[in-house]
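> give me coordinates for this.
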Amino acid sequence: MALSVVNNGASLNAQANLSKTNSALSKSLERLSTGLKINRGADGPAGLVISEQQRAQIAGLQTAIANTNKAVSLVQTGEGALNEISSLLTKIRSLALDSANAGVNDATALAANQAEIANALGTITQIATTTQFGSKKLLDGSASLGASTAVANIGVAVDPTAVAGDYNINITQSARRANVVGSANFTAFTNGTLNGVVAAADVTAVTGGFTVDARDNVGAASAAGDDLQVTGNYTGVTNRTYTVEVLSGGDIGTNVVNLKVTDTSTNTFKNISIPTTYTSGDLITDPVLQGLQLKFTTGDTYTANDVYTFEAQGTGKLTLNGTDIALNGNNAGSLTDAIATINSYTGTTGVRASVDPTNSARIAFSSATYGTGGDFTIRTDTFTETKLGLNSAGNFDTTTVSTTGAAANGVTGGREATGTISNDGGITTSTLQIDGNVASGFGLAITLKDDPASTTFTSAAPTTGTITVADNGLVFQIGANAGQTSNLRFSDVRATALAQNLVGNQFSSLAAVDVTTASGAQDTLKAVDQAIADISALRGKLGAFQTNTLESNANNLQSTLENTTAAESVVRDTDFAEEIATFTRLQTQLQAGATVLGNANQTTQLVAQLLRG
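Next comes the predicted model:
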């Protein structure tokens, strides 16, 4: 290189190298002061991309761990409430067992047990209604699957496996209504005399049939030709003896005796005329009632203070799905007895009976099967006493339910085919009702069955529409990325939702149990056992969710967080051992560079020496 005073190449080179060393030293100081070797994109573009992704993942993992721990706290809140409900159910079961010991308990003891059970049931419902985590209610059914539809008179219950979405339904249904009402027309066949007046009272229609259980007070005698007026406050059962007392002798004109009991709280029988004279063994029969007889058993001549007796024999046959069920005074003395007899065949017939919730004097029939095979047929034979109101054969007609749509595999088409049989409290009226409407209970039921209970609603006419199934279960974000969630549904554990619709049980739910009767105590035990099983299953479900889903997930998240943090540290964190060595080198290099630059600047002075010669 030529010696020049205009340009100093050596100095320029020394300046450039010194600048680079100074810049590197500044970056080294930054790495040492921040602890990061990547502080900006220029420090490492590829490393920055990887590091930022890992940083987001680390933050997500930390939040997911916190979410999981909160979910554990929520589950423990619900499980703690269920534990208390289990304790109450155990207490109720003990009270039901005590009540079932009918040999030593009187009415007062049974009433006390029932009062304590009612209090415990109220507490169960209160716990279920008020248990919440923050403002989120857990046990009142709001945290489970739900369904809705705009179709009138249609409701749905949902199976836990159903998929949320819209379900198209097509409902085709037919039903019939048949009323058979017979009036008691008593006709005289021989001659005799009878007149008199019985003191007025009320005749009350009662479940289980019409009978006379006591002797009426005697009034004053009346003249021949007057009507016999019979009014009274009557209760009783089939196969009971009725008595009519003759108050005075005399002739009465030929007439027909008409007794008709209607479905009202009070009935009055008046203008009852029995013509001619009767002898022992003569019959007054009513062919409309198919076999009911009034049989006189006293002497040839009826005078004042003679007593007439007659007996109502109630027998008949009910056929359910081809199975004959005999109902008579021994096994159907009351509506409750008839229901118990019918339900004893449920395992064979697939049909269960219960008291109609819209009319306590009626028997409601329902299929024990949902979906295919849920149809059933009822036929009745002639009953000699129309106490059960079964004087007409009736078939439950076909109901067809079809579902379409992508999520239709979660829907079960079923039906709760319900007919009603009326018991109007009198031997002279019978009604068989099979109605295709909500009030009478027969018709379509779309059932997407929920665990542990289900609800069915009926429709009165062919209908099309859409059912929307919504998953109201609790959703927990337990992962660091989208879609990493877990769902948990809490069942409704209010007393009204536990032990619903048990086959052969007289109680519709746990809330309806009554231990004041022997049969009630036994059915209460069955209902409580089912409720305990349902609560235990729910507690097991919650425990499994906490242990297998939440706590295991938290452990996995913690491990993932540790490894991801270590990986991110390798990419972005400063290696202090390496960086301090670099810093020391650059510091020394900077000092050397400054010295070299000074020397380079001195080279132009050589020209002056040459000029001085």
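> drop to CA atoms for contacts and neighbour counts, all remaining ones
Noted.
> got the domain boundaries for this protein?
As recorded under automatic domain parsing, the domains making up the chain are 9-35+582-612, 55-144+472-573, 150-175+317-459, 180-313.
> any idea which of these has the lowest pLDDT on average?
Per-stretch mean pLDDT for the domains of the chain is lowest at domain 180-313 (a mean of 34).
> now do the contacts for A521.
Neighbouring residues of A521 by CA atoms under 8 Å, 6 or more residues apart in numbering: 96-97, 99-100, 514-515.
> I misspoke; the intended subject was L32.
574, 576, 579-580.
> try it again at 10 Å.
The contact partners of L32, by CA atoms under 10 Å, 6 or more residues apart in numbering, come to 26, 573-576, 579-580, 583.
> which two from the residues you listed end up farthest apart in space?
Greatest spatial distance among the contacts of L32 (CA to CA): S26 and D573, at 17.1 Å.
> show me which of these two is the more surrounded one.
Shown here are S26 and D573; by other CA atoms under 10 Å, D573 has more neighbours (19 against 15).
> so what's that one bridging to?
Note on D573: beta-bridge partners by DSSP bridges are L36.
> gap between T560 and T549?
16 Å (CA to CA, to the nearest Å).
> ugh, wrong one, K27
Separation of K27 from T549 (CA to CA): 47 Å.
> what about the contacts of A521, which one has the most neighbours?
Going by other CA under 10 Å, S99 tops those with 30 neighbours.
> from memory it sits against N113, does it?
Yes. The pair S99 / N113 is scored as a contact, 7.0 Å apart, by CA atoms under 10 Å.
> for Y345, give me its contacts.
320, 323-325, 351-352, 504.
> SS state for N7?
Per DSSP: H, G, I helix; E, B strand; the rest coil, the secondary structure class of N7 is coil.
> that one reaches N13, doesn't it?
No. If you go by CA under 10 Å, N7 and N13 don't touch, sitting 11.5 Å apart.
> the two: which has the busier surroundings?
Neighbours were counted for N7 and for N13 using other CA under 10 Å; N13 has more, 14 against 11.
> re earlier: list only buried entries from the contacts of L32.
For the contacts of L32, a burial check counting by 16 or more other CA atoms under 10 Å picks out 573-574, 579-580, 583.
> adding distance to S508, write those residues out as a markdown table.
Listed next are these as a markdown table, based on distance: CA to CA, whole Å:
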| residue | distance to S508 |
| --- | --- |
| D573 | 68 |
| T574 | 71 |
| E579 | 78 |
| I580 | 80 |
| F583 | 83 |
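> which of those lies closest to N481?
When the buried ones among the contacts of L32 are compared for distance to N481 (CA to CA), D573 comes out closest, at 24.5 Å.
> for that closest one, what are its contacts?
By CA under 10 Å, 6+ apart, the residues touching D573 are 31-32, 34-39, 51, 566-567.
> buried among these? Need that as a selection in PyMOL.
To isolate the buried subset of those in PyMOL, counting by 16+ other CA under 10 Å, use the following:
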select buried, resi 31+32+35+36+37+38+39+51
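> just put the contacts of D573 in a markdown table and tack on secondary structure and distance to G593.
Formatted as a markdown table, the contacts of D573 follow (DSSP: H, G, I helix; E, B strand; the rest coil; distance: CA to CA, whole Å):
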| residue | secondary structure | distance to G593 |
| --- | --- | --- |
| R31 | helix | 22 |
| L32 | helix | 22 |
| T34 | helix | 27 |
| G35 | coil | 27 |
| L36 | strand | 27 |
| K37 | coil | 25 |
| I38 | coil | 27 |
| N39 | coil | 27 |
| S51 | helix | 35 |
| A566 | helix | 38 |
| A567 | helix | 38 |
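> ok so, going back, secondary structure added to the contacts of L32, as TSV?
Formatted as TSV, the contacts of L32 follow (three-state DSSP):
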residue	secondary structure
S26	helix
D573	strand
T574	coil
D575	coil
F576	helix
E579	helix
I580	helix
F583	helix
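> where exactly do the helices run in this structure?
9-34, 45-100, 107-130, 335-343, 346-349, 518-544, 552-572, 576-601, 605-612 (DSSP state H).
> adding distance to A364, write those helices out as CSV.
Converted to CSV, the helices of the chain look like this (distance: least, CA to CA, whole Å):
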stretch, distance to A364
helix 9-34, 80
helix 45-100, 26
helix 107-130, 26
helix 335-343, 9
helix 346-349, 14
helix 518-544, 18
helix 552-572, 50
helix 576-601, 84
helix 605-612, 123
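> what's the most buried one of the ones you listed?
Highest mean neighbour count of these: helix 335-343, a mean of 21 (counted as mean count of other CA atoms under 10 Å).
> by contact count, what packs against that one?
Packing contacts for helix 335-343, counted by 3 or more CA pairs under 10 Å, 6 or more residues apart in numbering; DSSP states H and E, involve strand 315-320, strand 323-328, strand 351-355, strand 362-367, helix 518-544.
> so which of the ones you listed is nearest Q609?
It's helix 518-544; of the helices and strands packed on helix 335-343, that one is closest to Q609 (CA to CA) at 96.1 Å.
> quick one: that closest one to helix 335-343, angle?
Following axes from the mean of the first three to the mean of the last three CA atoms, to 10 degrees, one obtains 60 degrees for the angle between helix 518-544 and helix 335-343.
> what count of nearby residues applies to G103?
8.
> identify the residues contacting it.
Neighbouring residues of G103 by CA under 10 Å, 6+ apart: A518.
> thinking again about what came up before, tell me which of the contacts of D573 is nearest to A118?
A566 (60.4 Å).
> picking that back up, ok, so of the contacts of D573, who is nearest T588?
Using CA to CA, L32 comes nearest to T588 of these, at 17.0 Å.
> how close does the closest one sit to G134?
46 Å.
> among the contacts of Y345, name the buried ones.
320, 324-325, 351-352, 504.
> who does V475 form a beta bridge with?
For V475, the beta-bridge assignment (DSSP bridges) gives partners N487.
> tally of neighbours for it?
The number of residues packed near V475 is 14, by other CA under 10 Å.
> show me what contacts it?
By CA under 10 Å, 6+ apart, the neighbours of V475 are 71, 143, 485-489.
> make JSON lines from those residues and add distance to N119 to it.
Below are the contacts of V475 laid out as JSON lines (distance: CA to CA, whole Å):
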{"residue": "A71", "distance to N119": "32"}
{"residue": "A143", "distance to N119": "26"}
{"residue": "T485", "distance to N119": "40"}
{"residue": "S486", "distance to N119": "37"}
{"residue": "N487", "distance to N119": "34"}
{"residue": "L488", "distance to N119": "30"}
{"residue": "R489", "distance to N119": "27"}
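> which among these end up buried?
For the contacts of V475, buried by 16+ other CA under 10 Å: 71, 143, 488-489.
> which of the residues you listed lies closest to A533?
Nearest to A533 among the buried ones among the contacts of V475 is R489, at 17.3 Å by CA to CA.
> and the gap between that closest one and D471?
9 Å.
> R31 too?
On the measure of CA to CA, R31 and D471 end up 52 Å apart.
> pull the CA atoms of stretch 576-592 into CSV?
The C-alpha trace of stretch 576-592 is given here as CSV (Å, rounded to 0.1, in the frame of the first residue of the first chain):
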residue,chain,number,x,y,z
PHE,A,576,-23.9,-17.0,31.5
ALA,A,577,-20.8,-19.1,31.5
GLU,A,578,-20.5,-18.8,27.8
GLU,A,579,-21.6,-15.2,27.7
ILE,A,580,-19.2,-14.0,30.4
ALA,A,581,-16.3,-15.6,28.4
THR,A,582,-17.5,-13.7,25.3
PHE,A,583,-17.8,-10.5,27.3
THR,A,584,-14.3,-10.8,28.6
ARG,A,585,-12.9,-11.5,25.2
LEU,A,586,-14.7,-8.6,23.6
GLN,A,587,-13.6,-6.2,26.4
THR,A,588,-10.0,-7.2,25.8
GLN,A,589,-10.5,-7.0,22.1
LEU,A,590,-11.9,-3.5,22.4
GLN,A,591,-8.9,-2.3,24.4
ALA,A,592,-6.6,-3.8,21.9
